[in-house]
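Colleague: structure, please.
(2 chains)
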Number of protein chains: 2
Amino acid sequence: MNSFVFHNPTELIFGKGQLEKLGDKIDQLGNKFLLVYGGGSIKKSGLYDKLQAIFNEKNAEVVELSGVEPNPRLTTVQKGIDLIHENGLEWILAVGGGSVIDAAKAMAGGAKYDGNVWDFYERKAVVKDALPLGTVLTLSATGSEMNRGSVVTNWETQQKHGAGMTFPTFSILDPENTFSVPKDQTIYGISDTLSHVFEQYFTHTPEVPLTTGLAETIIKTVVNNAEKAINNPEDYDARANLMLSSTMALNGLLAMGVETDWATHSIEHAVSAVYDIPHGGGLAIIFPNWMKYVYKEDVSRFKRFAVEAWDVDPEGKSDEEIALEGIQAVRSFFDRIGAPSRLADYNIGDDKLDVMAKKALPFGPIGNFKKLSEDDVREILRMSL
Amino acid sequence: MNSFVFHNPTELIFGKGQLEKLGDKIDQLGNKFLLVYGGGSIKKSGLYDKLQAIFNEKNAEVVELSGVEPNPRLTTVQKGIDLIHENGLEWILAVGGGSVIDAAKAMAGGAKYDGNVWDFYERKAVVKDALPLGTVLTLSATGSEMNRGSVVTNWETQQKHGAGMTFPTFSILDPENTFSVPKDQTIYGISDTLSHVFEQYFTHTPEVPLTTGLAETIIKTVVNNAEKAINNPEDYDARANLMLSSTMALNGLLAMGVETDWATHSIEHAVSAVYDIPHGGGLAIIFPNWMKYVYKEDVSRFKRFAVEAWDVDPEGKSDEEIALEGIQAVRSFFDRIGAPSRLADYNIGDDKLDVMAKKALPFGPIGNFKKLSEDDVREILRMSL
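Modeller: Below is the predicted model of the structure:
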């Protein structure tokens, strides 16, 4: 096991009806705040009205910023920071999925910084102070509700960067708020969650049984609940288990003491940057191919993955056969839930493989389980066509 | 899954050589603080000298309170609070195991409270403010390094009570600091850790696969590393895995969304109160008997426990046989590591069963997996003779 620091101060408020605790939070953090949300699905679902009732009861002075984009833009973040300053707002309430929360994190850090908030994303500055941030999560996927990461896109410079901004002070996770998530978004969220686990599971760090077992538990929990939630969007326990899984998949626990990989995320970001496909869809296509490309780096790790996380029967098979069967189980699962399997599903051909490969590793080799060069990435993309 | 709140702000600083980060913490929290420790094992191990070197480098003004008892006393806590007030100390550094940390938590809360600190333990007051508290852990057992619980004994009134005091601000966990833990303390720590898992595993709450899987992972990790650490006290990875397991076993994760039990802890506390035996020893005796007494409440849960956590082969056996084999596996494991198996091992006979049974449930029935009456407790104690 490697040395590590784990520090996650977010208060997780989980379960049916937990929105009622928002009133206490307004009492604690102040009644002048910025409400940030996305395209208006919270109005259709009725969540917006429930929020307004709580705001009214607390005589809250709420300034609204709606229309946060699926890939939140720096211009939107700047708009939020301006609203905070102009109105003397005390904290931020983000209601939505990862994009809304990521944008709100940027506003929280930017509002307490004299320079341009983009400095944080260009690694020119480190966040020293931030406004308090509360979230009401409406989508199980990114884990942003319980980590400090934030990804923002600067359209002027055509850059999409991540930064460690700030942990939410609290996050309210009511599985019922995900009942209205459409089928495709549910599928992408499942793919995103599993991909976060995979990026941290495939490691050469020895003696990490706790994080390994927790990762396998999250995988099995997601697999066992995915089809239930897809086929019956109002299955509370299925939605609850997916929600808690996505949060635990990227709140720092799985990274305790292990060297993580994250090459597949870099590759997918490059594909999305060129073709603007959904992140979760891209991951479902690329991850099984990354696995096939790298499994020989440690066949025993992939064997364990197959047997423990995917219930592959090892009887009478070679380690390599077991490992490959595990990778096939991942692919079959994604097929079963209706995730895309090839770049062709998004009408992506082989004409821009070089562009994407270059974009995937702007700072040199990526990944740790196997260091990937541009040639490696091009090959994985070719396997994904 | 039940609704829940999870909030654990402790910064966990884990691994070989992490003590060097203490200097930064002194910079952050101030150089006037109270150093709390126990009977002096930290002087024998060399840890005390390492601390002094860091204190000197930071020109720290350190007031020492040593001699904290294995069951920390209210009088010792009060002594610490007085030292803090007299010397205008800014925070507390606790170096030791659960008792030292529990006492320091009491001092942290008591120092910021106008009344008697015992009020918190008598449920007459709730902690609203506390001094910052840092810990350097030297024993894997209680999990106190990453939770807010504190148990203190009032000898004047013959009461031993627990209270939710304060989370450590940071905890430094270097497995090397547990190399010098004697064999019996290592065994008791293992028993304590497993017991914390058991108390939260046996639940009737449905649809809790994540906490169930994490609990099983912790059990397997402890079982796989226990004998390694006992036979080779300087096996770094074994010590590291036991240390992380004991912390994860009682930091709130296993209680997410589940109804927990804790009856066995109440029974053991009663035995310890009358006979002053080691807590971990008492738990190793009582827990398998509690299991035998209650397993019929949900044979399927015990079957899963046997198969998933203890690798019992279910082939050709009834559910009840599998369940009982799992319980026997727990007993066999405790025997194998040299934990006590009967109250007779501590020269405890049947003459005070009534007294202990009464003491175990002063406020009515205990436990949730099966509600236990005084008669039930007496029977479990009789099985443990």
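Colleague: residues contacting the most centrally placed residue in chain A?
Modeller: Residue closest to the mean C-alpha point of chain A, counted by CA atoms, centre = their mean, is residue A:142 at 1.9 Å. Counting by CB atoms under 8 Å, 6 or more residues apart in numbering or on different chains, residue A:142 touches A:97, A:98, A:101, A:102, A:192, A:246, A:250. Every C-beta, even on glycine, is put in place using the N, C-alpha and C of the backbone.
Colleague: from residue A:29, how far off is residue A:60?
Modeller: Per CB to CB, to the nearest Å, residue A:60 is found 10 Å from residue A:29.
Colleague: ok, residue A:107 next?
Modeller: Remark: distance between residue A:107 and residue A:29 (CB to CB) = 15 Å.
Colleague: how far off centre is stretch A:41-50?
Modeller: Computed by CA atoms, centre = their mean, to the nearest Å, the chain-centroid distance of stretch A:41-50 equals 23 Å.
Colleague: what sits up against it?
Modeller: Applying CB under 8 Å, 6+ apart, the external contacts of stretch A:41-50 come out as A:19, A:37, A:51, A:95, A:96, A:136, A:138, A:177, A:179, A:180.
Colleague: residues in chain A within reach of chain B, list them.
Modeller: Listed as neighbours of chain B in chain A under the rule CB under 8 Å from any CB of the partner chain: A:1-18, A:206-207, A:209-210, A:212-214, A:216-218, A:220-221, A:224, A:237, A:240-241, A:244-245, A:248, A:253, A:256-257.
Colleague: following the strand or helix carrying residue A:291, which helix or strand shows up next?
Modeller: Counting by DSSP states H and E, the element that carries residue A:291 is helix A:279-294. Next helix or strand after helix A:279-294 toward the C-terminus (DSSP H and E): helix A:299-304.
Colleague: which of the residues in stretch A:234-241 are buried?
Modeller: A:235, A:236, A:237, A:238, A:239, A:240, A:241 (16 or more other CB atoms under 10 Å in any protein chain shown).
Colleague: how is the fifth one assigned, secondary-structure-wise?
Modeller: For residue A:239, the secondary structure call by DSSP: H, G, I helix; E, B strand; the rest coil comes out as helix.
Colleague: can you tell me how far it sits from chain B?
Modeller: Distance of residue A:239 to chain B, given as CB to the nearest CB, to the nearest Å: 10 Å.
Colleague: so that residue sits against residue A:140, correct?
Modeller: Yes: with contact defined as CB atoms under 8 Å, residue A:239 counts as touching residue A:140 (7.4 Å).
Colleague: overlap of the contact sets of the two?
Modeller: Common neighbours of residue A:239 and residue A:140 (CB under 8 Å, 6+ apart) are residue A:178.
Colleague: buried subset of the residues of chain A next to chain B as a ChimeraX selection?
Modeller: Buried residues within the residues of chain A next to chain B, by 16+ other CB under 10 Å, are selected in ChimeraX with:
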select /A:1,2,4,6,8,9,10,11,12,13,14,15,18,207,209,210,212,213,214,216,217,218,220,221,237,240,241,244,245,248,253,256,257
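Colleague: quick one: the helices in the stretch 151-300 of chain A?
Modeller: Counting by DSSP state H, counting those that start in this stretch, one finds helices in the stretch 151-300 of chain A at the ranges A:183-201, A:209-231, A:236-249, A:263-275, A:279-294, A:299-304.
Colleague: tell me which other helices or strands the next helix or strand after the last one touches.
Modeller: When you say that, I think you mean helix A:299-304. Using DSSP H and E, the helix or strand that follows helix A:299-304 in sequence is helix A:310. Using 3 or more CB pairs under 8 Å, 6 or more residues apart in numbering or on different chains; DSSP states H and E, the elements in contact with helix A:310 are helix A:319-337.
Colleague: neighbours of the closest residue to residue A:370 other than its chain neighbours, how many?
Modeller: Spatial nearest neighbour of residue A:370, chain neighbours left out: residue A:294 (4.2 Å); criterion: CB to CB, 6 or more residues apart in numbering or on different chains. Residue A:294 is flanked by 21 other residues according to other CB atoms under 10 Å in any protein chain shown.
Colleague: got the contact list for residue A:294?
Modeller: A:202, A:367, A:369, A:370.
Colleague: which ones among the residues you listed lie within strands?
Modeller: Among the contacts of residue A:294, DSSP state E puts none in strands.
Colleague: what's the closest of those to residue B:383?
Modeller: residue A:202 (46.8 Å; CB to CB).
Colleague: which pLDDT value goes with that closest one?
Modeller: At residue A:202, the pLDDT value in this model is 98.
Colleague: is it correct that it is in contact with residue A:262?
Modeller: No: at 10.2 Å, residue A:202 and residue A:262 do not qualify as touching, with contact defined as CB under 8 Å.
Colleague: what distance separates stretch A:217-234 from the centre of its chain?
Modeller: With CA atoms, centre = their mean, you get 17 Å for stretch A:217-234.
Colleague: check which residues of stretch A:262-274 are buried.
Modeller: Buried residues in stretch A:262-274, counted by 16+ other CB under 10 Å: A:262, A:263, A:264, A:265, A:266, A:267, A:268, A:269, A:270, A:271, A:272, A:273.
Colleague: ok, and the closest non-adjacent residue to residue A:202?
Modeller: Nearest to residue A:202 is residue A:369, by CB to CB, 6+ apart, at 4.3 Å.
Colleague: OK, contacts around the one you found?
Modeller: Neighbour list for residue A:369: A:202, A:203, A:204, A:261, A:263, A:294, A:297, A:298 [criterion: CB under 8 Å, 6+ apart].
Colleague: contacting residues around the third one?
Modeller: Shown here is residue A:204, whose contacts under the criterion CB under 8 Å, 6+ apart are A:259, A:297, A:298, A:301, A:368, A:369.
Colleague: and which of those residues is nearest to chain B?
Modeller: Nearest to chain B out of those is residue A:259 (CB to the nearest CB; 13.3 Å).
Colleague: all helices for the stretch 1-150 of chain A, in order.
Modeller: A:22-29, A:41-44, A:47-57, A:74-87, A:98-110, A:118-121.
Colleague: so which of the ones you listed is the most packed in?
Modeller: Neighbour counts (mean count of other CB atoms under 10 Å in any protein chain shown) averaged over each of the helices of the stretch 1-150 of chain A peak at helix A:98-110, with a mean of 29.
Colleague: show me what that one is packed up against.
Modeller: strand A:32-37, helix A:74-87, strand A:91-96, helix A:118-121, strand A:133-137, strand A:149-154.
Colleague: now the first one - C-alpha only, CSV.
Modeller: In other words, strand A:32-37. What follows is strand A:32-37, C-alpha atoms only, in CSV (Å, rounded to 0.1, in the frame of the first residue of the first chain):
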residue,chain,number,x,y,z
LYS,A,32,-28.8,35.4,0.4
PHE,A,33,-27.5,32.9,-2.1
LEU,A,34,-27.1,32.0,-5.8
LEU,A,35,-29.2,29.2,-7.2
VAL,A,36,-27.5,27.5,-10.1
TYR,A,37,-29.2,25.0,-12.3
